[in-house]
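**Student:** Predicted model and sequence follow; I will ask about them next.
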Amino acid sequence: DQQVKQNSPSLSVQEGRISILNCDYTNSMFDYFLWYKKYPAEGPTFLISISSIKDKNEDGRFTVFLNKSAKHLSLHIVPSQPGDSAVYFCAGCKETSGSRLTFGEGTQLTVNP
Amino acid sequence: DTGVSQDPRHKITKRGQNVTFRCDPISEHNRLYWYRQTLGQGPEFLTYFQNEAQLEKSRLLSDRFSAERPKGSFSTLEIQRTEQGDSAMYLCASSLAKGMSFWDEQFFGPGTRLTVL
């Protein structure tokens, strides 16, 4: 049962342009959605979150949009930088489940100089 | 470095052997999580502790797997009678839970890569 799905295994963009990473979910009980970034040989690091009662959260170059009716969220990075090249994971969590995270498969973002 | 640390970083073992991994969380964090990640997939939840109590276990955690967190500090994950399907990256994360109804940011360690031959 894949509750969180990232359908694009990879995305390539030019430096300075916008990167849009997408995520779909099936579990309507998630209270929060999060994006984590992972570099090779390192553990995932938290990037940005959004509560299920919000539709947008912005932090610097990163903005997450949530469309509850479509059960879809997206991460926008603008402008993209070569250092943003990493695997991005979308995850959902429920407050009552100890904040255990349910991750998607990940999307490899490559930002070309 | 005050982040989450895991030991060893790599482990190669033969099928049928037992292996044990260690995780040292960020010192003041009361929650500790174990996840498993296989190639091309995101991390999958295995189990988590609040202090020394193991509060939840995934159905992925067969009876060959056992985790402990004595005294609410470091944690160990043991796999008995390893199988080739156990080959994966085992990730540990910790967080500071402020109450049962709050989301808390999880900080991940670098992981232990297990290869079962």
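**Tutor:** Yes, it's here. Numbers count the residues shown, from 1 in each chain, chains lettered A, B, ... in the order given.

**Student:** can I assume residue B:55 sits in a strand?
**Tutor:** Yes. Under DSSP: H, G, I helix; E, B strand; the rest coil, residue B:55 falls within a strand.

**Student:** Test my guess that residue B:89 contacts residue B:34.
**Tutor:** No. Residue B:89 is beyond contact range of residue B:34, at 11.4 Å (criterion: Cβ atoms under 8 Å). C-betas here are computed from N, CA, C, even on glycine.

**Student:** List the buried residues in stretch A:100-113.
**Tutor:** A:100-107, A:109, A:111 (16 or more other Cβ atoms under 10 Å in any protein chain shown).

**Student:** Dump the C-alpha coordinates for it into PDB.
**Tutor:** Taking C-alpha atoms only, stretch A:100-113 is exported to PDB below (Å, rounded to 0.1, in the frame of the first residue of the first chain):
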ATOM      1  CA  ARG A 100       6.400   8.300  12.100                       C
ATOM      2  CA  LEU A 101       7.000   9.300   8.500                       C
ATOM      3  CA  THR A 102       5.600   7.700   5.400                       C
ATOM      4  CA  PHE A 103       7.900   8.400   2.500                       C
ATOM      5  CA  GLY A 104       7.500   8.500  -1.200                       C
ATOM      6  CA  GLU A 105      10.100   6.900  -3.500                       C
ATOM      7  CA  GLY A 106      12.100  10.100  -4.100                       C
ATOM      8  CA  THR A 107      12.900  12.200  -7.100                       C
ATOM      9  CA  GLN A 108      16.500  12.800  -8.200                       C
ATOM     10  CA  LEU A 109      16.900  16.500  -9.000                       C
ATOM     11  CA  THR A 110      19.800  17.600 -11.100                       C
ATOM     12  CA  VAL A 111      20.500  21.300 -11.600                       C
ATOM     13  CA  ASN A 112      22.800  22.000 -14.400                       C
ATOM     14  CA  PRO A 113      25.100  25.000 -14.400                       C
END
